[in-house]
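In: Sequence and predicted structure, then a few things I'm wondering about:
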Amino acid sequence: MYIPMNEMLKHFKQDVPTMANITHKSEQWSPYHDNSGTVLAVGIPGAVIVAGDTRLSNGYNIMSRDATKLSQLTDKCVLATAGQYADFIALRKFLQQRLQLYEFQNEVQASTETVAHLLSRELYSRRFFPYYTFNLLAGLDENNHGFVYGYDAIGSYDKMTYGVQGSGQELVVAVLDNQLKGYNKINKTIPQTREEILDIILDCFSCAAERDIHTGDNVEILIITSAGTERLIKPLRKD
Amino acid sequence: MQYLDNYLQSKGGYDYTNVKRNELMKAQGFKEMPFTKTGTTIVGVLFDGGVVMAADTRATAGSIVADKNCEKLHVLAPNIWAAGAGTAADLHHQCAHFNAKLKLQRLNLNRQSRVNEVITKLTSKLFPYRGNIGVALIIGGIDCNGPQLASVSPHGNYVYHPFQSMGSGSLAALGILEAKFQDGLTKQQAIDLAIEAIEAGIFHDMGSGSNVDVVAITKDGADYKRNIRQYNAKSYQRQIPYDFPINNTPALRKYQFDIEKQELTEVGQEMEIIE
């Protein structure tokens, strides 16, 4: 079968992805970077336990093995943030300054509920260029009972007894639902003591580090009680 | 059928009939499926009398670890091994295909397979697919022309060099290799260098991790050491073990299957979801 040359060229000119007709879409610069990592917090009567891994990532690279995701804002509450580290630093700075001003003006530190509301308003003030932060505010309320407030990026929040945010969230949250709330159990045996809950938290981080590439290095734990703050660091996988 | 041969010859080597179809599918919203990549570190080091190849053992699907201990060193011939980075399925099938192809050729010709033959066959297969077969391989082996080491990119480009690294951790490994490689290494020195290079990839690249596999190929054969190094054991064991007693999980519905009658019947009452 003979195909004339100009027929053949017409066929090729239309369909062939030559250098002439491939249009390269240049990637638009994005102001957001996900520095990843996992944070979680659990509240029990008398204490609140906040944990976060200390790895800072950028794509496949490790920026730091020793970067804290936790920030103690008042004697009674701690902010734990996953997402963009720069936005965490900016948010933390704002909250620290604003809470210091509150203390000077009112001669008493802000309660956890007040801090929770302040954080929500600050996040919403940036509704149209959000802080890329997924926050947990963990603290003791007026009755010395530990609670966790979980936030989305623009400030919607809810009071809970435990919360997880970050890249390892999906891996960990189902385990906590089963162990701390007794989901899918007929006879629920819920751990009451600090030691049992710490045991569960450390295991959750160890398992998240196995399967999530962005979680690892060390896990930093803060335990807030009316007596003060205790800090623990445990090692995780470094690969 | 003569006209068909002439038609195909006049069309040329590349078949672009699916390009328009793919564009149409994308426009209709058809999303490309994600593949499991190996996000890897692999290295090859040439020494006096042979070649050493090493790889990590982590396979990732996005940012989740799909396999904590997979095998990235594949046999192509008794004297030629391949280390693979890229799409896991492509690597497995391409290596198995070439293994079989080379074996058939050895049976027909009664000659040992050669490294440059593998490179030629591989690159001829990969080039027409324009990089869509996602295999980045390091081929190492020893044949009648001595020990040889080459790397092949997914588009069909190949490079011969005394040391190679591929994969997402290749830059971390290359730093070690560039600093410490010398001509005329002994077998043990080459193995130690390869392991050190993979270590750099495991700890500094998050796409690579877990353990190190090594194979040393000499005239006497291939010495494969699976998991020669294991670094990162699970960091914590629960003090109070998980307790899942029997009959503690609520069943929403219960069915009974009678094998003889081949009947499925519902048993008991439908339960509510307990929170």
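Out: It's in.
In: where's the residue nearest in space to the middle of chain A relative to residue A:65, distance?
Out: Residue closest to the mean C-alpha point of chain A, counted by C-alpha atoms, centre = their mean, is residue A:82 at 2.6 Å. Going from residue A:82 to residue A:65 by C-beta to C-beta, to the nearest Å gives 16 Å. Using the backbone N, CA and C atoms, a C-beta is placed for each residue, glycine as well.
In: Residue ranges in the chain under the pLDDT threshold?
Out: I'll assume chain A. For chain A, the stretches flagged by pLDDT under 70 are A:1-3, A:7-26.
In: Chain B, not that one
Out: Checking chain B against pLDDT under 70 turns up B:1, B:8-16, B:32-38, B:269-275.
In: Can you check which helix is longest in it?
Out: For chain B, the longest helix by residue count, based on DSSP state H, is helix B:88-109.
In: Can you spell out which helices and strands pack onto that one?
Out: Helix B:88-109 sits against strand B:73-77, strand B:80-86, helix B:115-126, strand B:135-143, with contacts defined as 3 or more C-beta pairs under 8 Å, 6 or more residues apart in numbering or on different chains; DSSP states H and E.
In: tell me the angle of the shortest one relative to helix B:115-126?
Out: Right, strand B:73-77. 110 degrees (axes from the mean of the first three to the mean of the last three C-alpha atoms, to 10 degrees).
In: Neighbouring strands - and their directions - for strand B:73-77?
Out: Partners of strand B:73-77 in the sheet, by DSSP bridges, are strand B:80-86 (antiparallel).
In: From the chain's centroid, how far away is the strand it pairs with?
Out: Remark: strand B:80-86 is offset 7 Å from the chain centroid, using C-alpha atoms, centre = their mean, to the nearest Å.
In: And the strands in the stretch 151-275 of chain B, which stretches?
Out: B:158-160, B:163-166, B:211-218, B:221-230, B:254-258, B:263-267 (DSSP state E, counting those that start in this stretch).
In: where along the stretch 151-275 of chain B do the helices fall?
Out: Counting by DSSP state H, counting those that start in this stretch, one finds helices in the stretch 151-275 of chain B at the ranges B:170-180, B:187-204.
In: Next to chain A in this structure, residues from the stretch 101-250 of chain B, please.
Out: By C-beta under 8 Å from any C-beta of the partner chain, the residues of the stretch 101-250 of chain B that approach chain A are B:168, B:202-210, B:231-232, B:234-240, B:242-243, B:245, B:247-250.
In: give me the element the residue nearest to the centre of chain A is part of.
Out: strand A:77-83 (DSSP states H and E).
In: Skipping adjacent residues, who's closest to residue A:120 in space?
Out: residue A:155 (4.3 Å; C-beta to C-beta, 6 or more residues apart in numbering or on different chains).
In: Run through the bridge partners of the residue nearest to the centre of chain A.
Out: Bridge pairing for residue A:82 - DSSP bridges - gives residue A:134.
In: For it, give me its contacts.
Out: A:36-39, A:52, A:69, A:133-134, A:165-167, A:169 (C-beta atoms under 8 Å, 6 or more residues apart in numbering or on different chains).
In: Same check on residue A:113?
Out: So residue A:113 contacts A:141-142 (C-beta under 8 Å, 6+ apart).
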